[in-house]
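Asks: Would you be able to build a 3D model of this:
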Amino acid sequence: MAPRGTIGKLLAKELMTYTDRIRLVSRNPIRINATDELMPADLTQHGAVDKAVQGSEIVYLVVGFEYKAQVWEEKWPALMRDVIDACAKYGSKLVFFDNVYMYDKDQVNHMTEDTAINPSSRKGAVRKKISEMLLKAAEEGWIKALIARSADFYGLDNYNNFITQMVLKNIREGKKAMWFVSSDIKHSFTYTPDAAKATALLGNTPDAYGQVWHLPTESRPVTGKEMINMIASEMGAEPKISLLPKFMLLPLGLFIPIMKEMREMIYQYDRDYFFASSKFTRRFGITATPIEEGIKATCQAYKG
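Replies: This is a model prediction of the structure:
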């Protein structure tokens, strides 16, 4: 189930390395490869997931719901239950593309696959619940499944992320790049092409199942200032920064709804945030694209 957003487009391209039988399921699917099967569906409706999964050897769950805690609480557990049931029914393997919201906020300075699960937000509680549903089903032998986790995104075919909306877009328009809390705090970012390639590889590696994997991410986290300077340089602009303090999120939320939703997640930006992916590198011998290369490609694509 690879919709238009998040990692779906890039994943669909990478899966062609392994098969030419790809079914794209979303409300309004768009063909990525010439041989793609398109299945329009609202996966929150009864029976939609069963139909989407039927006949699939591997299911990639990369669905993205509206970024609201209430929406996540209502829709994610139900969807995960439907996907697990359908995969068990048809003998399909499941690859779930996940984030790090369930990790203990006091351990985000060095996150590994063994970091304590102790969410401090409503969204994190949802991610904890659905990941535990999947892992329990796998442990009990109902399905074969794995979790592929990513840090915050930057990169191609993903223009709704923080970096694009608050940095790239602003710099392109001659405005100040916006950053949360402090531009001197270090933060890991996963390059979307790396995430897509690694997710496709995991899904087609039999011994990867039954585990959580951190997708390849640059081993050197960067500060907000470094990220903005790199982007400004590639865009041929002067690096200017406007910092958004915590107390501004509440009033801004009255006009920009996503800012209201960011309040509970701001702990990811007020301390160092390092996402380790050494387990993946040891197993597959693959490292992340250097951030300088990723930023250059991203800016070129955005300008184009």
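
Asks: Break down the protein into its helices, ranges please.
Replies: Using DSSP state H, the helices of the chain run over residues 8-15, 48-53, 69-90, 122-139, 162-163, 169-172, 192-203, 224-235, 249-252, 257-262, 278-284, 291-303.

Asks: nearest to residue 61, of those helices?
Replies: Within the helices of the chain, the stretch nearest residue 61 is helix 69-90; the backing value is 5.8 Å (C-beta to C-beta). In short, each C-beta sits where N, CA and C put it, glycine included.

Asks: Tell me the helices and strands packed up against that closest one.
Replies: Other elements packing on helix 69-90 under the criterion 3 or more C-beta pairs under 8 Å, 6 or more residues apart in numbering; DSSP states H and E are helix 48-53, strand 58-61, strand 93-98, helix 122-139.

Asks: want to try CSV for the ones you listed, with mean neighbour count as columns?
Replies: What follows is the helices and strands packed on helix 69-90, written out as CSV (neighbours: other C-beta atoms under 10 Å):
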stretch, mean neighbour count
helix 48-53, 20
strand 58-61, 23
strand 93-98, 23
helix 122-139, 18
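
Asks: who wins for proximity to residue 294 among those?
Replies: Evaluated with C-beta to C-beta, those place strand 93-98 nearest to residue 294, the distance being 18.7 Å.

Asks: any idea of the mean pLDDT in the closest one?
Replies: Looking at strand 93-98 alone, the average pLDDT works out to 98.

Asks: Please apply the same query to stretch 55-67.
Replies: Averaged across stretch 55-67, pLDDT comes to 95.

Asks: what sits up against that stretch?
Replies: Contacts to stretch 55-67, defined as C-beta atoms under 8 Å, 6 or more residues apart in numbering, come from residues 1-3, 5-8, 11, 15, 23, 43, 53, 71-72, 75-76, 79-80, 83, 86-87, 90, 92-97, 199, 203-204, 258, 261.

Asks: Need the helices and strands packed on helix 69-90 in a markdown table (columns: distance to residue 33).
Replies: Listed next are the helices and strands packed on helix 69-90 as a markdown table, based on distance: least, C-beta to C-beta, whole Å:
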| stretch | distance to residue 33 |
| --- | --- |
| helix 48-53 | 18 |
| strand 58-61 | 14 |
| strand 93-98 | 18 |
| helix 122-139 | 27 |
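
Asks: To residue 35, which of the ones you listed lies closest?
Replies: Once C-beta to C-beta is applied to the helices and strands packed on helix 69-90, the stretch that comes out nearest is strand 58-61, at 16.1 Å.

Asks: With distance to residue 215 added, can I get the helices of the chain in JSON lines?
Replies: Conversion of these to JSON lines gives the following (distance: least, C-beta to C-beta, whole Å):
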{"stretch": "helix 8-15", "distance to residue 215": "11"}
{"stretch": "helix 48-53", "distance to residue 215": "23"}
{"stretch": "helix 69-90", "distance to residue 215": "20"}
{"stretch": "helix 122-139", "distance to residue 215": "15"}
{"stretch": "helix 162-163", "distance to residue 215": "17"}
{"stretch": "helix 169-172", "distance to residue 215": "25"}
{"stretch": "helix 192-203", "distance to residue 215": "5"}
{"stretch": "helix 224-235", "distance to residue 215": "19"}
{"stretch": "helix 249-252", "distance to residue 215": "28"}
{"stretch": "helix 257-262", "distance to residue 215": "23"}
{"stretch": "helix 278-284", "distance to residue 215": "7"}
{"stretch": "helix 291-303", "distance to residue 215": "13"}
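
Asks: Much appreciated, bye for now.
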